[in-house]
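Peer 1: Kindly return the folded structure for what I paste below:
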Amino acid sequence: MKPGNFYGIGLGPGDPELLTIKAIRAIQGANRIFVPRSDTKEESLALEIVKDYVKEKKVIEQVYPMTKDKSVLNAAWLTAAEEVCTEVRNGHNIAYLTLGDPMTFSTYIYLLRHLNAMLPEHVIHTIPGITSYNAAACMANYPLLTGDERLAVIPVPKDITTLRPILETFDTVVLMKVAKKLDEVIQLIEEMNLAEHALFASYIGQKDAYLTCDIVSLKGSGRGYMSVLIVKRKDALVKGFATI
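Peer 2: Residues are numbered from 1 along each chain as shown. Below is the predicted model:
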(Lines give C-alpha, C1' and ligand atoms only; values in the text may rest on other atoms or scores of the structure.)
Protein backbone atom coordinates (compact mmCIF):
# COMPACT_ATOMS: atom_id res chain seq x y z
CA MET A 1 0.00 0.00 0.00
CA LYS A 2 1.23 3.47 -0.85
CA PRO A 3 1.87 5.41 2.37
CA GLY A 4 0.12 8.67 3.12
CA ASN A 5 1.78 11.91 4.12
CA PHE A 6 2.43 13.38 7.52
CA TYR A 7 2.03 17.12 8.06
CA GLY A 8 3.20 18.71 11.30
CA ILE A 9 1.31 21.98 11.31
CA GLY A 10 2.13 25.12 13.28
CA LEU A 11 -1.10 26.87 14.25
CA GLY A 12 0.43 30.11 15.45
CA PRO A 13 -0.37 31.70 18.82
CA GLY A 14 -4.10 30.99 18.90
CA ASP A 15 -5.94 33.34 16.54
CA PRO A 16 -7.55 31.30 13.72
CA GLU A 17 -6.97 34.25 11.38
CA LEU A 18 -3.21 33.77 11.85
CA LEU A 19 -3.28 30.29 10.31
CA THR A 20 -1.35 30.15 7.04
CA ILE A 21 -3.10 29.17 3.82
CA LYS A 22 -0.73 26.20 3.56
CA ALA A 23 -1.75 25.05 7.04
CA ILE A 24 -5.44 25.27 6.19
CA ARG A 25 -4.96 23.35 2.94
CA ALA A 26 -3.03 20.60 4.71
CA ILE A 27 -5.74 20.27 7.36
CA GLN A 28 -8.50 20.21 4.74
CA GLY A 29 -6.61 17.57 2.74
CA ALA A 30 -5.99 15.27 5.70
CA ASN A 31 -8.27 12.41 6.70
CA ARG A 32 -6.78 11.97 10.17
CA ILE A 33 -6.34 14.90 12.60
CA PHE A 34 -3.95 14.27 15.48
CA VAL A 35 -4.36 16.61 18.44
CA PRO A 36 -1.89 16.67 21.35
CA ARG A 37 -3.20 17.50 24.83
CA SER A 38 -1.51 17.53 28.22
CA ASP A 39 -2.97 15.29 30.91
CA THR A 40 -3.72 18.37 33.04
CA LYS A 41 -6.19 19.89 30.55
CA GLU A 42 -9.64 18.76 29.56
CA GLU A 43 -9.76 20.47 26.16
CA SER A 44 -7.32 21.10 23.35
CA LEU A 45 -6.74 24.72 22.33
CA ALA A 46 -5.26 23.47 19.06
CA LEU A 47 -8.50 21.72 18.14
CA GLU A 48 -10.53 24.81 19.04
CA ILE A 49 -8.42 26.93 16.66
CA VAL A 50 -9.11 24.69 13.64
CA LYS A 51 -12.62 23.51 14.48
CA ASP A 52 -14.07 25.04 11.29
CA TYR A 53 -11.74 22.93 9.14
CA VAL A 54 -11.98 19.50 10.80
CA LYS A 55 -15.70 18.83 10.61
CA GLU A 56 -16.50 15.25 9.51
CA LYS A 57 -12.84 14.25 9.92
CA LYS A 58 -11.54 11.60 12.27
CA VAL A 59 -9.88 13.33 15.23
CA ILE A 60 -7.36 11.35 17.29
CA GLU A 61 -6.41 12.94 20.60
CA GLN A 62 -3.04 12.08 22.11
CA VAL A 63 -2.63 12.79 25.81
CA TYR A 64 0.88 13.54 27.07
CA PRO A 65 2.04 13.50 30.68
CA MET A 66 3.08 16.79 32.30
CA THR A 67 6.32 15.60 33.83
CA LYS A 68 10.05 16.32 33.62
CA ASP A 69 10.90 12.62 33.81
CA LYS A 70 12.70 12.12 30.50
CA SER A 71 12.10 8.37 30.38
CA VAL A 72 8.35 8.85 30.83
CA LEU A 73 8.27 11.62 28.23
CA ASN A 74 10.30 9.65 25.70
CA ALA A 75 8.03 6.63 26.11
CA ALA A 76 5.00 8.86 25.50
CA TRP A 77 6.49 10.39 22.36
CA LEU A 78 7.53 6.98 21.03
CA THR A 79 4.00 5.64 21.52
CA ALA A 80 2.58 8.74 19.82
CA ALA A 81 4.97 8.38 16.88
CA GLU A 82 4.09 4.70 16.46
CA GLU A 83 0.38 5.58 16.37
CA VAL A 84 1.00 8.25 13.72
CA CYS A 85 3.25 5.93 11.77
CA THR A 86 0.59 3.19 11.60
CA GLU A 87 -1.92 5.62 10.09
CA VAL A 88 0.59 6.90 7.51
CA ARG A 89 1.56 3.36 6.48
CA ASN A 90 -2.15 2.59 6.04
CA GLY A 91 -2.29 5.29 3.40
CA HIS A 92 -3.84 8.11 5.41
CA ASN A 93 -2.81 11.75 5.22
CA ILE A 94 -2.15 13.01 8.73
CA ALA A 95 -2.43 16.54 10.10
CA TYR A 96 -0.65 16.84 13.44
CA LEU A 97 -1.55 20.12 15.14
CA THR A 98 0.82 22.10 17.32
CA LEU A 99 0.59 25.62 18.75
CA GLY A 100 3.07 28.30 17.71
CA ASP A 101 5.86 27.26 15.37
CA PRO A 102 6.75 23.55 15.23
CA MET A 103 10.50 24.20 15.30
CA THR A 104 10.58 26.80 18.07
CA PHE A 105 10.45 25.44 21.64
CA SER A 106 7.82 22.92 20.55
CA THR A 107 7.36 19.42 21.91
CA TYR A 108 6.57 18.52 18.29
CA ILE A 109 10.34 18.26 17.79
CA TYR A 110 10.47 15.19 20.05
CA LEU A 111 7.77 13.48 18.00
CA LEU A 112 9.61 14.36 14.80
CA ARG A 113 12.81 12.71 16.01
CA HIS A 114 10.99 9.39 16.33
CA LEU A 115 9.13 9.80 13.03
CA ASN A 116 12.39 10.46 11.19
CA ALA A 117 13.50 6.96 12.19
CA MET A 118 10.20 5.34 11.19
CA LEU A 119 9.04 6.98 7.96
CA PRO A 120 10.61 7.91 4.61
CA GLU A 121 11.84 11.50 4.56
CA HIS A 122 9.67 12.46 1.58
CA VAL A 123 6.38 11.78 3.43
CA ILE A 124 7.22 14.04 6.39
CA HIS A 125 6.31 17.71 6.00
CA THR A 126 6.48 20.49 8.59
CA ILE A 127 4.49 23.70 8.06
CA PRO A 128 5.65 26.77 10.00
CA GLY A 129 3.45 28.80 12.30
CA ILE A 130 3.66 32.37 13.59
CA THR A 131 5.50 32.56 16.90
CA SER A 132 4.00 34.33 19.90
CA TYR A 133 6.75 36.94 19.93
CA ASN A 134 6.26 37.78 16.25
CA ALA A 135 2.54 38.13 16.82
CA ALA A 136 3.07 40.26 19.94
CA ALA A 137 5.53 42.60 18.21
CA CYS A 138 3.16 43.13 15.28
CA MET A 139 0.14 43.61 17.54
CA ALA A 140 2.03 46.33 19.44
CA ASN A 141 3.73 47.87 16.37
CA TYR A 142 7.01 47.11 18.13
CA PRO A 143 9.88 46.54 15.64
CA LEU A 144 12.02 43.59 16.65
CA LEU A 145 15.07 44.38 14.52
CA THR A 146 16.36 46.95 12.07
CA GLY A 147 19.60 47.17 10.10
CA ASP A 148 22.32 44.94 11.50
CA GLU A 149 20.77 44.47 14.95
CA ARG A 150 21.01 41.06 16.58
CA LEU A 151 18.24 39.02 18.20
CA ALA A 152 18.38 36.42 20.97
CA VAL A 153 15.44 34.14 21.77
CA ILE A 154 15.90 32.29 25.04
CA PRO A 155 13.84 30.67 27.80
CA VAL A 156 14.12 32.40 31.16
CA PRO A 157 16.85 30.57 33.11
CA LYS A 158 16.64 29.44 36.73
CA ASP A 159 19.45 31.85 37.63
CA ILE A 160 18.15 35.25 36.53
CA THR A 161 21.59 36.86 36.88
CA THR A 162 22.77 34.94 33.79
CA LEU A 163 20.43 37.12 31.74
CA ARG A 164 22.48 40.25 32.37
CA PRO A 165 25.30 39.54 29.85
CA ILE A 166 22.73 38.48 27.25
CA LEU A 167 20.77 41.70 27.69
CA GLU A 168 24.04 43.62 27.43
CA THR A 169 25.12 41.80 24.25
CA PHE A 170 22.06 41.57 22.00
CA ASP A 171 20.04 44.48 20.63
CA THR A 172 16.74 42.67 21.18
CA VAL A 173 16.16 39.81 23.60
CA VAL A 174 12.99 37.69 23.53
CA LEU A 175 12.37 35.95 26.84
CA MET A 176 10.15 32.88 26.64
CA LYS A 177 8.70 30.70 29.40
CA VAL A 178 8.64 33.59 31.87
CA ALA A 179 5.98 32.07 34.14
CA LYS A 180 6.78 32.43 37.87
CA LYS A 181 10.04 34.28 37.15
CA LEU A 182 8.25 37.44 35.96
CA ASP A 183 8.92 39.57 39.05
CA GLU A 184 12.61 38.60 39.16
CA VAL A 185 13.05 39.40 35.46
CA ILE A 186 11.38 42.78 35.86
CA GLN A 187 13.66 43.56 38.80
CA LEU A 188 16.75 42.86 36.66
CA ILE A 189 15.42 44.90 33.74
CA GLU A 190 14.80 47.83 36.08
CA GLU A 191 18.33 47.56 37.49
CA MET A 192 19.69 47.74 33.92
CA ASN A 193 17.50 50.76 33.07
CA LEU A 194 15.79 48.86 30.27
CA ALA A 195 12.21 48.93 31.57
CA GLU A 196 11.21 51.70 29.17
CA HIS A 197 12.26 49.57 26.20
CA ALA A 198 10.35 46.40 27.00
CA LEU A 199 7.14 44.83 25.75
CA PHE A 200 5.17 42.24 27.72
CA ALA A 201 2.49 40.08 26.13
CA SER A 202 0.41 37.15 27.34
CA TYR A 203 -2.20 34.90 25.75
CA ILE A 204 -1.45 36.47 22.36
CA GLY A 205 -4.02 35.61 19.72
CA GLN A 206 -6.56 34.53 22.32
CA LYS A 207 -9.62 36.30 23.69
CA ASP A 208 -7.85 37.35 26.91
CA ALA A 209 -4.68 38.65 25.23
CA TYR A 210 -2.84 41.33 27.19
CA LEU A 211 -0.01 43.64 26.10
CA THR A 212 1.79 46.45 27.86
CA CYS A 213 5.04 48.39 27.82
CA ASP A 214 4.52 49.36 31.46
CA ILE A 215 6.22 46.25 32.74
CA VAL A 216 6.85 47.68 36.21
CA SER A 217 3.09 47.63 36.78
CA LEU A 218 3.18 43.86 36.33
CA LYS A 219 5.01 43.19 39.59
CA GLY A 220 2.96 40.86 41.74
CA SER A 221 0.35 40.45 39.00
CA GLY A 222 0.99 36.75 38.41
CA ARG A 223 0.66 37.32 34.66
CA GLY A 224 3.77 35.31 33.72
CA TYR A 225 1.94 32.24 32.44
CA MET A 226 1.64 31.95 28.63
CA SER A 227 3.66 35.16 28.25
CA VAL A 228 6.61 36.56 26.36
CA LEU A 229 8.81 39.51 27.30
CA ILE A 230 10.75 41.46 24.67
CA VAL A 231 13.54 43.85 25.70
CA LYS A 232 15.44 46.32 23.51
CA ARG A 233 18.97 47.25 24.51
CA LYS A 234 19.11 50.57 22.67
CA ASP A 235 16.82 53.54 22.75
CA ALA A 236 14.07 52.68 20.38
CA LEU A 237 10.67 52.76 19.20
CA VAL A 238 8.16 52.06 21.85
CA LYS A 239 7.00 55.67 22.02
CA GLY A 240 3.31 56.20 22.04
CA PHE A 241 2.42 52.63 22.93
CA ALA A 242 0.05 52.12 25.85
CA THR A 243 -1.55 49.19 27.62
CA ILE A 244 -4.05 47.41 25.41
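
Peer 1: And the residue nearest the centre of the chain?
Peer 2: The centroid of the chain falls nearest to Gly100 when counting by C-alpha atoms, centre = their mean (3.4 Å).

Peer 1: And it, how far from Gly10?
Peer 2: Going from Gly100 to Gly10 by C-beta to C-beta, to the nearest Å gives 6 Å. Where C-beta positions appear, they are placed from N, C-alpha and C, glycine not excepted.

Peer 1: Can you check which residues contact both of the two?
Peer 2: Common contact partners of Gly100 and Gly10 (C-beta atoms under 8 Å, 6 or more residues apart in numbering): 106, 129-130.

Peer 1: So which of those residues are in helices?
Peer 2: Using DSSP state H, no member of the shared contacts of Gly100 and Gly10 sits in helices.

Peer 1: what's the lowest-mean-pLDDT helix or strand in the chain packed up against?
Peer 2: Across the helices and strands of the chain, mean pLDDT, DSSP states H and E gives its lowest value to helix 45-49, namely a mean of 88. Contact partners of helix 45-49 among helices and strands, from 3 or more C-beta pairs under 8 Å, 6 or more residues apart in numbering; DSSP states H and E: strand 32-38, strand 94-98.

Peer 1: Identify each of the helices in the chain and give its residue range.
Peer 2: 21-29, 45-49, 70-89, 108-118, 132-139, 163-169, 182-191.

Peer 1: Columns mean neighbour count and distance to Phe200 on top of the ones you listed, output as CSV?
Peer 2: Below are these laid out as CSV (neighbours: other C-beta atoms under 10 Å; distance: least, C-beta to C-beta, whole Å):
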stretch, mean neighbour count, distance to Phe200
helix 21-29, 15, 27
helix 45-49, 18, 21
helix 70-89, 16, 30
helix 108-118, 17, 26
helix 132-139, 21, 9
helix 163-169, 14, 15
helix 182-191, 18, 8
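
Peer 1: Which pLDDT value goes with Val238?
Peer 2: Predicted confidence (pLDDT) for Val238: 48.

Peer 1: Okay, the residue nearest to Arg113 when sequence neighbours are not counted and Leu11: tell me how far apart.
Peer 2: In space, and not counting its chain neighbours, Arg113 is closest to Trp77: 7.8 Å by C-beta to C-beta, 6 or more residues apart in numbering. Remark: distance between Trp77 and Leu11 (C-beta to C-beta) = 19 Å.

Peer 1: now swap in Ile189 and tell me
Peer 2: Distance of Ile189 to Leu11, given as C-beta to C-beta: 30 Å.

Peer 1: wait, isn't the residue nearest to Arg113 in contact with Tyr108?
Peer 2: No. Here Trp77 does not reach Tyr108: they are 9.7 Å apart, not a contact under C-beta atoms under 8 Å.

Peer 1: So for stretch 173-193, mean pLDDT?
Peer 2: 94.

Peer 1: The nearest residue to Gly29 once chain neighbours are set aside - how many residues pack around it?
Peer 2: If the residues on either side of it in the chain are set aside, Gly29 comes closest to Asn93, at 6.0 Å by C-beta to C-beta, 6+ apart. Asn93 is flanked by 18 other residues according to other C-beta atoms under 10 Å.

Peer 1: doesn't Arg32 make contact with Asn93?
Peer 2: Yes. Asn93 lies in contact with Arg32 (C-beta under 8 Å); the separation is 7.1 Å.

Peer 1: show me the contacts for the nearest residue to Met176 once chain neighbours are set aside.
Peer 2: In space, and not counting its chain neighbours, Met176 is closest to Pro155: 5.0 Å by C-beta to C-beta, 6+ apart. Residues near Pro155 by C-beta under 8 Å, 6+ apart: 105, 175-177.
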